[in-house]
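Asks: got a predicted model here, sequence first, then my questions.
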Amino acid sequence: MKHERGAVPIVIALLIAFGVLGVGGFAYQKNVGGVAEKLQGIFAPEPPDELLAKAFENFSKTTAFRFSGESSGRVGDTGGPSGLKTPRAVASTSAEVTFDGAVDLGTSVFTGTFAFDVRGAKPFRLAVEARKIASTTYLLISEAPKEFAYFSGQWVSIDLESTAKKYGQERAAERVSAADMKRVREFFAKAREYKVFKTVEEFPEEEVGGVVTRHIRFTFDKPALEKLIREFSAEPFDADEEAALRHSLARIDFSVNDVWVGKRDRMPYRFTVRYMEKWAAPDSPPTEPFSFDVFFSDFNRPVEVEVPPSAKTLEEVLQAAMTKMFPGATVNVKKKS
């Protein structure tokens, strides 16, 4: 199986999806770092590079938190998506995403609202609420393009275990969860060891959600990041993949990233990423920046999620939609056994 060629799926999946959104299961640590370490952070603040690595490592050990924020980006006429070996012209399209929610990995629950605003040749808005309780996911589409009107306004329940079993993947979730619990902690421990995070500037202390934080602007040490990616790849890189990885990293400017770290607990209360990618040659003008800004709170506090009222199964919703789309036709949607 070949590796992803682009830096965006590699870096974002590993550094943001794992680290920021907390994909997978993490070990529970109620008192992060211990009393002595917290006191050290108050009376003898450590260097910002060390604080950065510690904050991300601490976050990888949480099991529950609230999050909210927004993300935006644009793909213009000067290039194409990450991972392409040669640039190609694409229609200018921009998108903004706002989100708010909470996750508790200890009890396997999640709740969140997401709104997508896409502007381009075919602009549209999509608003979705999602809840996950144990192995069941509930989805509600409140706003959608007309093509999805048949699915709007109704809670839909999806049994993930049954769906996985249907496709012979009933053990996949367990394998991923078990792997993540160890893998994510190892990833950020190595990131700290390799000094992947490099401070650009430290600003005066700020309050975020009532918490006194140290505001640090940072970038990534690309050679160290490349080493980390290679080490945590599922398969060894061949020569072509090594070259593609270096090329992808070379064309991304990671220079504007900020984190606000709690002065007492060394937890990230706000995290922003802003990067620009050069689609063509390394010395070509960059595209418009992609940005990601998220706030965190309520670390390791239990999250309660209610089962939505009157939720229908995916099969029931599909059958109703097909009936509306093709009135008079006989529709037979096979239900799960």
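Replies: Right, received. Where do you want to start? Numbering: from 1, shown residues only.

Asks: where does this protein have low pLDDT?
Replies: By pLDDT under 70, the low-scoring segments of the chain are 1-44, 75-91, 162-181, 277-288, 328-337.

Asks: if we go to 50?
Replies: 1-40, 78-89, 175-176, 336-337 (pLDDT under 50).

Asks: can you map out the helices along this protein?
Replies: Shown for the chain, the helices assigned by DSSP state H span residues 7-11, 34-43, 48-59, 160-166, 172-193, 222-231, 239-250, 314-325.

Asks: and for the nearest residue to Phe220 once chain neighbours are set aside, the neighbour number?
Replies: On the basis of CB to CB, 6 or more residues apart in numbering, the spatially nearest residue to Phe220 that is not a chain neighbour turns out to be Phe254, at 4.8 Å. The C-beta positions use only the backbone N, C-alpha and C, and glycine is treated the same way. Neighbours of Phe254 under the rule other CB atoms under 10 Å: 20.

Asks: against Ser248, how distant is Phe254?
Replies: 12 Å (CB to CB, to the nearest Å).

Asks: can you check Ala320 too?
Replies: 45 Å.

Asks: show me where the stretch 201-337 of the chain has its strands.
Replies: 211-220, 252-262, 268-277, 290-297, 312-313 (DSSP state E, counting those that start in this stretch).

Asks: using TSV, lay out those together with distance to Gly112.
Replies: Shown next, in TSV, are these (distance: least, CB to CB, whole Å):
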stretch	distance to Gly112
strand 211-220	22
strand 252-262	22
strand 268-277	17
strand 290-297	12
strand 312-313	20
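
Asks: out of the ones you listed, nearest to Ala121?
Replies: The minimum distance between Ala121 and the strands of the stretch 201-337 of the chain falls on strand 290-297, with 19.8 Å, by CB to CB.

Asks: looking at Ala320 and Ser248 now, which is surrounded by more residues?
Replies: Ser248 (22 against 16).

Asks: what about the nearest residue to Leu160 once chain neighbours are set aside, neighbour count?
Replies: Closest residue in space to Leu160, ignoring its immediate chain neighbours: Ser135 at 4.8 Å, by CB to CB, 6+ apart. Neighbourhood size, Ser135 [other CB under 10 Å]: 14.

Asks: check contacts around Ser135.
Replies: Going by CB atoms under 8 Å, 6 or more residues apart in numbering, Ser135 touches Ser108, Asp159, Leu160, Glu161.

Asks: need phi/psi at it.
Replies: Dihedral pair for Ser135: phi -100, psi 10, per degrees, to the nearest 10.

Asks: could you do the one 10 residues further on as well?
Replies: When quoted as degrees, to the nearest 10, the phi and psi of Pro145 stand at phi -60, psi 160.

Asks: and it, how far is that from Leu314?
Replies: Taken as CB to CB, the span from Pro145 to Leu314 is 20 Å.

Asks: show me which of those two is the more surrounded one.
Replies: A direct count of neighbours by other CB under 10 Å for Pro145 and Leu314 places Leu314 higher, at 18 against 13.

Asks: my read: the more buried one touches Ile158, true?
Replies: Yes. At 5.2 Å, Leu314 counts as touching Ile158 under the criterion of CB atoms under 8 Å.

Asks: so who does the nearest residue to Ser68 once chain neighbours are set aside touch?
Replies: Of all residues not flanking Ser68 in the chain, Asp100 sits nearest, at 4.2 Å (CB to CB, 6+ apart). Residues in contact with Asp100 (CB under 8 Å, 6+ apart) are Phe67, Ser68, Gly69, Gly112, Thr113.

Asks: and for Arg119?
Replies: By CB under 8 Å, 6+ apart, the residues touching Arg119 are Thr93, Ser94, Ala95.

Asks: quick check: bridge partners of it?
Replies: Ser94 (DSSP bridges).

Asks: what's the burial count for Lys190?
Replies: Neighbours of Lys190 (other CB under 10 Å): 16.

Asks: pretty sure it is touching Arg230, no?
Replies: No. With contact defined as CB under 8 Å, Lys190 does not count as touching Arg230 (11.3 Å).

Asks: coming back round to it: buried only: go through the contacts of Arg119 for me.
Replies: Neighbour counting by 16 or more other CB atoms under 10 Å classes Ala95 among the contacts of Arg119 as buried.
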